[in-house]
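[1] sequence first, then the predicted structure, then my questions.
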Amino acid sequence: MVTTISPDRLAELQDEGDDFALVDTRPEDSYESWRVAGALHFPFGPEEELDGRLDDLRELVGDVDRVVTICAKGISSGNLATRLESATDEYEVNAVDGGMKGWSGVYDRVDLDIADGLELIQLQRRAKGCLSYLVGCGETGDAIVVDPTADTDEVMAAAAERSLSIVGVVDTHVHADHVSGGRDLADQLGVPYYLSDRAEERGVEFEFTPLSRNQVLDVGNLAVKAIAAPGHTSEMANLLVDDAALLTADTLHVDSTGRTELEFSEDEGEQGARMLYETLHRTILAEPESVVVLPGHVAVTNDGRFEHGSPGEPIATTIGEARTGIDVLDLDEEVFVDRLADAGEKPSNYEEIIDRNRGAIDLPPEDRAELELGPNNCSA
């Protein structure tokens, strides 16, 4: 009987540099659009037999002792693993439990050393590039969570490991690429759930605690300032933590900006692009060069790799590095607007995800994973 491995164990095998072949059995279009880094393609159906294809598989995987299979949910990959194990004893064979659906729930927790007394943890969602934050006061143990995904157990575990007590939850904007866990986490803990005071204009249909421009949240001895940053969305807020770190969400990434046409679709994002240009040049880049920029996403390529950095390493830059190193920030306004009009493929199911995140529709947990499959595509 084939032994399954968890998606977290697959991540460990990748990080340890183990010599194995990862074989993706999904159809070609699914494989080409989004896959685990290093995955080889061998399409295989849930009822298919291996007869006549064993040599092709041998040639594909090369000289390895271990073959790990993966598909969308673990069905067709389990079939291939079973048939491969029956056909030959030359490989240790495993299938990834839950497939890509399970892989989308793998996280890395990265401690960021930015300032004394500041506990700042970046939670990286490896398959999607979503970045959430736990911001804590090292002296009092109070903390807030920023942009949590629906996998709220991850941030709860991070807080427990560091003896931090969550006193508030913030969503910087109405997310389009993933289902937010902000409301659920705040309800679970009985703490305030914060959104920008402009979120009501997005049609948000549930109660929240509004954050006004330049409002400061006291988190223990930390001062967390809400900065209005429209562009990616009209209600976007960034968070300045103790004048040392700026959580920029989808306003500014480490190598790009956020796209602007997901909300502002009628004019291909022009209105949002002009807002974003002003936000960047009059607000974000006006901060001191030493301020650390902590984005809400890192782009994940179609072949499953981070475009900047690696999982488990801090995804960060500084105001100074961004100003000199991100070419789109050197453009004048008209060229910037033109550049953002062609931001590429939109996130999968983004309109339905937006509706869920503003409370317009309910979403059963089993449907959430289906909506989120695929890359985040939030960068311009």
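    Arrived safely, thanks for sending. Numbering: from 1, shown residues only.

[2] look through this structure and tell me its longest helix.
    In terms of residue count, the longest helix belonging to the chain (DSSP state H) is helix 76-87.

[3] ok, and what's touching that one?
    By Cβ atoms under 8 Å, 6 or more residues apart in numbering, the list of residues contacting helix 76-87 from outside reads 1-2, 4, 23-26, 42, 44-50, 54, 57, 67, 69-71, 91, 93-96, 99. In this view, the C-beta of every residue, glycine as well, is placed from N, C-alpha and C.

[4] switch the cut-off to 6 Å
    Val2, Thr25, Phe44, Gly45, Pro46, Leu50, Leu54, Thr69, Ile70, Cys71, Val93, Ala95 (Cβ atoms under 6 Å, 6 or more residues apart in numbering).

[5] of the residues you listed, which is the most crowded?
    Per-residue neighbour counts (other Cβ atoms under 10 Å) across the contacts of helix 76-87 peak at Ile70, which has 31 neighbours.

[6] any idea what the spatially most central residue of the chain is bridged to?
    Nearest to the geometric centre of the chain sits Cys130, at 1.1 Å (Cα atoms, centre = their mean). With DSSP bridges applied, Cys130 shows beta-bridge pairing to His297.

[7] for Glu287, see how far away it is.
    Cys130 sits 24 Å away from Glu287, going by Cβ to Cβ, to the nearest Å.

[8] again with Ala87
    60 Å.

[9] could you list the low-pLDDT ranges of the stretch 101-250 of the chain?
    Counting by pLDDT under 70, the stretch 101-250 of the chain contains no low-confidence range.

[10] where along it do the strands fall?
    107-112, 118-125, 131-137, 142-146, 165-170, 193-196, 209-211, 216-219, 222-228, 237-241, 245-249 (DSSP state E, counting those that start in this stretch).

[11] so which of these is nearest Ala299?
    Of all these, it is strand 131-137 that lies closest to Ala299, at 11.2 Å by Cβ to Cβ.

[12] other SSEs contacting that closest one?
    Using 3 or more Cβ pairs under 6 Å, 6 or more residues apart in numbering; DSSP states H and E as the contact test, the elements touching strand 131-137 are strand 118-125, strand 142-146, helix 152-161.

[13] tell me how this protein divides into domains.
    Domain ranges of the chain: 3-102, 106-372, per automatic domain parsing.

[14] related to what we said a few turns ago, go ahead and confirm the residue nearest to the centre of the chain touches Val179.
    No: under the criterion of Cβ atoms under 6 Å, Cys130 makes no contact with Val179, lying 10.3 Å away.

[15] and Ala87 and Glu287? Which one has more around it.
    Neighbours of Ala87 and Glu287, each counted by other Cβ under 10 Å, are more numerous for Glu287; the result is 19 against 16.

[16] wait, what's in contact with that one?
    Glu287 neighbours (Cβ under 6 Å, 6+ apart): Ile319.

[17] likewise for Gly296?
    Leu131, Asp147, Ala249, Asp250.

[18] and after the longest helix of the chain, which helix or strand comes next?
    strand 92-96 (DSSP states H and E).

[19] now do the helices in the stretch 201-350 of the chain.
    Counting by DSSP state H, counting those that start in this stretch, the segments of the stretch 201-350 of the chain that form helices are 270-278, 319-325, 333-340, 350-357.

[20] tabulate the ones you listed (JSON lines), appending distance to Tyr194.
    Formatted as JSON lines, the helices of the stretch 201-350 of the chain follow (distance: least, Cβ to Cβ, whole Å):
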{"stretch": "helix 270-278", "distance to Tyr194": "21"}
{"stretch": "helix 319-325", "distance to Tyr194": "24"}
{"stretch": "helix 333-340", "distance to Tyr194": "28"}
{"stretch": "helix 350-357", "distance to Tyr194": "14"}
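
[21] and of the ones you listed, who's closest to Tyr193?
    When those are compared by Cβ to Cβ, helix 350-357 sits nearest Tyr193, at 12.1 Å.

[22] state the mean pLDDT of the closest one.
    Averaged across helix 350-357, the pLDDT comes to 92.

[23] got the CA coordinates for that helix in PDB?
    The C-alpha coordinates for helix 350-357 follow below in PDB (Å, rounded to 0.1, in the frame of the first residue of the first chain):
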ATOM      1  CA  TYR A 350     -11.500  37.100  -7.700                       C
ATOM      2  CA  GLU A 351     -15.000  38.500  -8.000                       C
ATOM      3  CA  GLU A 352     -16.500  35.800  -5.900                       C
ATOM      4  CA  ILE A 353     -13.600  36.000  -3.400                       C
ATOM      5  CA  ILE A 354     -14.200  39.800  -3.100                       C
ATOM      6  CA  ASP A 355     -17.900  39.200  -2.500                       C
ATOM      7  CA  ARG A 356     -17.100  36.700   0.300                       C
ATOM      8  CA  ASN A 357     -14.600  39.000   1.900                       C
END
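
[24] quick one: residues in contact with it.
    With Cβ under 6 Å, 6+ apart, helix 350-357 has contacts from Val174, His175, Ala176, Val179, Ser180, Leu262, Ile361, Leu363, Leu371.

[25] looking at the residues you listed, which are in helices?
    Leu371.

[26] list only those of the contacts of helix 350-357 flagged as buried.
    Using 16 or more other Cβ atoms under 10 Å as the burial test, the contacts of helix 350-357 include Val174, His175, Ala176, Val179, Ser180, Leu262, Leu363, Leu371 as buried.

[27] any idea how far Gly117 is from Tyr31?
    Distance of Gly117 to Tyr31, computed by Cβ to Cβ: 47 Å.

[28] oh, that last question was meant for Leu57, not what I typed.
    Counting by Cβ to Cβ, the gap from Leu57 to Tyr31 is 15 Å.

[29] with Pro347 instead?
    Counting by Cβ to Cβ, the gap from Pro347 to Tyr31 is 19 Å.
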